[in-house]
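Novice: Have a look; sequence and predicted model below, questions after that.
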Amino acid sequence: MSENGILIIFSGPSGSGKDTVLNKLIAGREDIKVSVSMTTREKREGEIDGTHYYFVSREYFEKKVSEDKMLENAEYNGNLYGTPKAPVDEMLKSGKAVILEIEVQGAEKIRKLYPDVISIFLMPPSMRVLEERLRGRGTDDEETINHRLVIAREEIKRAPEYDYVVINDTIENAVAGIETIINAERKKTFRNKKIISEVINNV
Ligand code: 5GP
């Protein structure tokens, strides 16, 4: 991994507000990028190919995995999801903070590959609030909502595997929490070896 690039895993259950928080976080910031994943799931209304995801067939996805073009991939709710490798490496090389919005199995794989990765879990303030948010979307029937809540509970149980937990009580608080983490990470000694040796050698 490059000295200045920071790789960040960002997970949280469906309805925790990941997309809203990330959109607000990256607005007007060139130093933070969100990786665009590949998926075999159906495109939802309003989603744009190449922006929200690369929507591909299972056959194409599996070909990319066999060609070793993916950093990680996982099956979630019957669909395949994965992170294309080349763009992430490229963004890290140019010093960006690169966010992977992925689920818990992918997070586990990335931690093994990149020991320096930092991981953030976006936590709803309570299960009750999560349920209200899922219902508030108005898109899912009762059975789907209950299914999402069961999955959410399992995912939340794995929050202790993450380095940081950010509570999404308000979008502003969640965004500020993530900014604080990124700012502190940038100041870690091992990410600043170059400047340290430059200053030492000029004394
Ligand atoms: P959705 O279908 O709601 O967009 O995403 C379902 C789940 O897949 C979310 O938890 C999301 O974070 C996760 N996900 C999205 N992209 C990737 C990816 O590239 N890899 C993995 N492992 N999970 C992903």
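Specialist: Thanks, I have the structure now.
Novice: What is the neighbour count of residue 157?
Specialist: Residue 157 has 10 neighbouring residues, counting by other Cβ atoms under 10 Å. (Glycine included, C-beta is placed from N, CA and C.)
Novice: What's opposite residue 80 in the beta bridge?
Specialist: Applying DSSP bridges to residue 80 gives these bridge partners: residue 75.
Novice: Surely it touches residue 40?
Specialist: Yes - with contact defined as Cβ atoms under 8 Å, residue 80 counts as touching residue 40 (4.5 Å).
Novice: shared neighbours, the two?
Specialist: Listed contacts common to residue 80 and residue 40 are 58, 61; contacts here mean Cβ atoms under 8 Å, 6 or more residues apart in numbering.
Novice: For residue 33, list the residues it contacts.
Specialist: So residue 33 contacts 26, 91, 96-99 (Cβ under 8 Å, 6+ apart).
Novice: Okay, and which of those map to helices?
Specialist: Among the contacts of residue 33, DSSP state H puts 26, 91 in helices.
Novice: Grab the two from the contacts of residue 33 that are most spread out in space.
Specialist: The two members of the contacts of residue 33 with the most space between them (Cβ to Cβ) are 26 and 91, at 12.2 Å.
Novice: More neighbours: these two, which one.
Specialist: The neighbour comparison of residue 26 against residue 91 (other Cβ under 10 Å) goes to residue 91, with 20 against 16.
Novice: What is the burial count for the closest residue to the ligand within the chain?
Specialist: The minimum distance from the chain to the ligand, using Cβ to the nearest ligand atom, falls at residue 106 (2.3 Å). Close neighbours of residue 106, defined as other Cβ under 10 Å, add up to 23.
Novice: does it sit in a helix or strand, and which one?
Specialist: For residue 106, the host element (DSSP states H and E) is helix 104-113.
Novice: tell me the average confidence for that helix?
Specialist: Mean per-residue pLDDT for helix 104-113: 95.
Novice: Noted, bye for now.
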